[in-house]
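> Predicted model and sequence below, questions to follow.
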Amino acid sequence: MKEQLEDLDKTDIKSLTYEELLKQIQDMGEKAFRADQIYHWLHVKLAAGFDEMTNISAAFREQCKERFSYTLLKAVRVQESGIDGTKKFLFDLGDGNFVESVFMPYHHGNSLCISSQAGCRMGCQFCASGIDGLSRNLLPSEMLEQIYRVESLTGERISNVVVMGTGEPLDNYDNLVRFIRLLSHKKGLHISQRNITVSTCGIVPGIRRLAEEELQITLAISLHAADDKKRQKLMPIAKVYSIGELMDAVRYYFDKTGRRITFEYSLVSGVNDTYEDAERLSRLVSGLNCHINLIPVNPVKERDFKRPKQTYVEGFKNKLEKNRINVTIRREMGADIDGACGQLRKRHLEEGKEGTHC
Ligand code: SAH
C-alpha cells in the first residue's frame, strides 16, 4: 500500500515539511536557499515536476529525481454545473485509485472539498463513498495536490478547504495533520487554518488528539441523529462511541481550541426528521457554541433513503431556531452533476470494470 512517505527507496518530496526538506537538501551538500527555491516551486508555483524548476541546475534536478518521488495528480474527468459553476474533478492517483474533489465558487471566495482516503471503511448507511470499503489512505501530498491541480487547472485561487469528500480524515490522522500544517505554512499556499474544515464521523480518540495539536481549524461532526439507537442504525461508528462520549470529546475540543463546532445533520425522510428529533437535537447541543448544518440527504442509488419534503426541512430548521440554535440548510451545489459524495468516483470505477473509457 502506497500510504507512507517512503515509496520504495524514494521520499515523497511534497509531503516533507519545510524543515525536513531543508535537512535533506543540506544532506545533499546544497545551501539552505536551494531548499527555499524547491519548496517555493512545490508549494507556491505548483510545479508539475522537477524539470519546471528552471533556477535549479539540471545536474541537481537529476539528483533530486534519484532521491525523491514527485506526486502529481492527473485530472481524468471534469464535470461543470450549468447552474452554479460547481466543478467536480476526478483525479487519477496513478495506482488504479481515483479520488474526487469539488470546486464551489462563493461570493466570499472559492471553496474546495477534498478527499482524504480512496474509499472509506466507516460504512455510513447513506453514503456512496463507503460502499466498496477502503482502498487506501491518501498521502499528505495527495491531499495537497487536489488543491494545487484545481488551482492550476482553473486559474482560480482557493481560499477555503473542506475535508468532506471521500474518506474519514481521522482514520488517516498523521497524514491529515501533516497536510494541514503544509497547507497553512507561510512558505506555501498559506491558507489560513481558520479557513480549513475537517469533517469526522466521530472518532472520539482522534477528536481528543486533534484538540492537542494547537490548530485553528474548524471541526465538523457528522451527527445525523441525537439518540444512540437511531445513530447506530445510520452509522456503525456510533456502536463504538456513544453520543455522550462524542459530546464530551467535542466539549474538550472547544475548551482547548475555542473554535466553534459545526454539526452536520443529514435529514432522511422518516428516519431522523421529526419534531421530536429536532427537540432532542436542541437539548443535546444547548449551551454549546456551535452551528448546525442541515443536509437534505442526497439519494444514493444503492440505498433506499429519501429526502424529506422541503416543508419538513424548513419545519425542522424552524424548531431549532425557536430553541435558539444556530442553524442553516446547506445550499445544494452542483445538483446537475452526479449528486452525492463519492458517486463520480464510484461510477468511474464501475465503468472501468466494464471496460469503457472517459
Ligand atoms: N467521513 C467524514 C467526511 C466525509 S462525508 C464524515 O463522516 O464527516 C461529509 C458529510 O456528508 C458527512 O456529514 C456525511 O455524513 C455526509 N454525507 C455523506 N453522504 C451523504 C448523502 N448521500 N446525503 C447527505 N449527506 C451525506
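Looks like it arrived, so ask away.
> The residue sitting nearest the centre point of the chain and Ser116, how far apart?
Residue closest to the average C-alpha location in the chain (Cα atoms, centre = their mean): Val163, at 1.8 Å. As judged by Cβ to Cβ, to the nearest Å, Val163 and Ser116 stand 5 Å apart. Backbone N, C-alpha and C define where each C-beta goes, glycine included.
> beta partners for the residue nearest to the centre of the chain?
In this entry, Val163 is beta-bridged to Val198, by DSSP bridges.
> close enough to count as contact, it and Leu183?
No: Val163 is beyond contact range of Leu183, at 10.2 Å (criterion: Cβ atoms under 8 Å).
> Overlap in contacts, those two.
Residues touching both Val163 and Leu183 by Cβ atoms under 8 Å, 6 or more residues apart in numbering: Met143, Ile196.
> Which of the helices and strands in the chain ranks last by mean pLDDT?
Using mean pLDDT, DSSP states H and E, strand 6-7 stands out as the lowest-scoring helix or strand of the chain, at a mean of 61.
> ok, so what distance separates the residue nearest to the centre of the chain from Ile221?
13 Å.
> what sits in contact with each of these two?
Common contacts of Val163 and Ile221 (Cβ under 8 Å, 6+ apart): Ser199.
> which one is Phe126 nearest to, not counting chain neighbours?
Once flanking residues are discounted, Phe126 sits nearest to Phe305: 4.8 Å by Cβ to Cβ, 6 or more residues apart in numbering.
> Tell me if I'm right that that neighbour and Ala128 touch.
No: counting by Cβ under 8 Å, Phe305 does not reach Ala128; the two are 11.1 Å apart.
> what about those two, which has more around it?
Shown here are Phe305 and Ala128; by other Cβ atoms under 10 Å, Ala128 has more neighbours (25 against 18).
> What strand or helix carries the more buried one?
Using DSSP states H and E, Ala128 maps to neither a helix nor a strand.
> Tell me the confidence at the residue nearest to Phe126?
Note on Phe305: pLDDT of 93.
> tell me the contacts of it?
Gln125, Phe126, Val268, Ser269, Val271, Val297, Pro299.
> Quick check: residues of this protein near the ligand?
122, 124, 126-127, 164, 168, 199-201, 222, 264, 266, 295, 297-298, 300, 340-341 (Cβ under 6 Å from any ligand atom).
> among the residues you listed, which are in helices?
Residues from these lying in helices, with DSSP state H as the criterion: none.
> all helices of the stretch 51-200 of the chain, in order?
58-67, 140-154, 173-183 (DSSP state H, counting those that start in this stretch).
> and of the ones you listed, who's closest to Leu134?
Each of those has some distance to Leu134 by Cβ to Cβ; the shortest is helix 173-183, at 13.6 Å.
> Now that closest one: average pLDDT?
For helix 173-183, the mean pLDDT works out to 98.
> Mind giving me the packing neighbours of that helix?
helix 140-154, strand 196-200, helix 204-211 (3 or more Cβ pairs under 8 Å, 6 or more residues apart in numbering; DSSP states H and E).
> Sweet, I'm off.
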